[in-house]
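A.B. asks: Okay, here's the prediction I keep looking at, along with the sequence it came from:
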Amino acid sequence: MSLMVLRTRGPTKLPDGYKLTLHMCQGDAERVRVFRENTGDRASNFLSKVFFLDFVKRYPLVLDDKVLSKELPYLGGVAELNLYVEGLRFPDSDFEGLVRINLSLLESVSEDLPETPIFTDSVMFRMAPWIMTPNTLDPVEVFVCSTSDNYPFLKGMTNLVRSNGYKLKICYEYKNRGDRWMQDELEFGYIDSPHQRFPVVLDSPRDRGLADFPYNEL
């Protein structure tokens, strides 16, 4: 997730009838989600942070494809509120990777009239693309399937890999369920951005014996 900081400078509280609202369009909401840091719950101990319910409490969801606008707390004075943007889709032929998130100061004139934006600021994010690792790079770890009829191949591959000083990961038959074609099930890749880089495995839709391997092992 990418950090998005809301910086405010103003009175200790907003006048009656005014509020800050974060919003985005339906198309962008299907490609990202926005969370915010719960500033009133920073004292949670480390062990509790690993649980999902604690994450939801510490970082409540603000915007998604079902909630397109949400009022944000105004902290008063000179303050910062940390929000986090999670990408849900990689750029593709029909999506250039740009999404826009808007913040508006709304004024309520009367109960019979809709709230009116008197100021709007926007930020645009570019989604990092998925990059497939080229097969010309030196290997780091070699994955191979073990089946009932490929012992000579597995023995030769094991000797080759270990003689060159690389790691070997064997997926045994109780895991691959007779499916030896690992190269057809997944592709290794990564995403890269100015603030982070991490590996991403592309799981193909073939879903045969190795269907669960990318999730359970990688």
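C.D. replies: Cool, the structure landed.
A.B. asks: tell me which element the residue of the chain positioned farthest from its centre is part of?
C.D. replies: Here the chain reaches farthest from its C-alpha mean at Pro152, the gap being 41.6 Å by Cα atoms, centre = their mean. Element membership for Pro152 (DSSP states H and E) is helix 151-163.
A.B. asks: Tell me how far that helix lies from the chain's centre.
C.D. replies: Helix 151-163 sits 37 Å away from the centroid of its parent chain (Cα atoms, centre = their mean, to the nearest Å).
A.B. asks: which strands and helices sit next to that helix?
C.D. replies: For helix 151-163, the packing partners by 3 or more Cβ pairs under 8 Å, 6 or more residues apart in numbering; DSSP states H and E come out as strand 141-145, strand 167-171. All C-beta atoms are positioned from the backbone trio N, CA, C, and that covers glycine.
A.B. asks: In that helix, which residues are buried?
C.D. replies: For helix 151-163, burial by neighbour count (16 or more other Cβ atoms under 10 Å) applies to Val161.
A.B. asks: relative to strand 167-171, how tilted is that helix?
C.D. replies: Helix 151-163 and strand 167-171 are oriented at 150 degrees to each other (axes from the mean of the first three to the mean of the last three Cα atoms, to 10 degrees).
A.B. asks: any idea which of the helices and strands packed on helix 151-163 is most buried?
C.D. replies: Using mean count of other Cβ atoms under 10 Å, the stretch among these with the largest mean neighbour count is strand 141-145, at a mean of 17.
A.B. asks: quick one: strands adjacent to that one?
C.D. replies: Its sheet considered, strand 141-145 pairs with strand 167-171 (parallel) by DSSP bridges.
A.B. asks: Just checking, which helix or strand succeeds the partner strand along the chain?
C.D. replies: Next along the chain after strand 167-171, taking DSSP H and E as the criterion, comes helix 173-176.
A.B. asks: Other residues contacting the very next helix or strand once past that following helix?
C.D. replies: Going down the chain from helix 173-176, the next helix or strand is helix 182-185, by DSSP H and E. Residues outside helix 182-185 that contact it (Cβ atoms under 8 Å, 6 or more residues apart in numbering) are 143-145, 171, 176, 179, 203-204, 206, 208, 210-211, 213-214.
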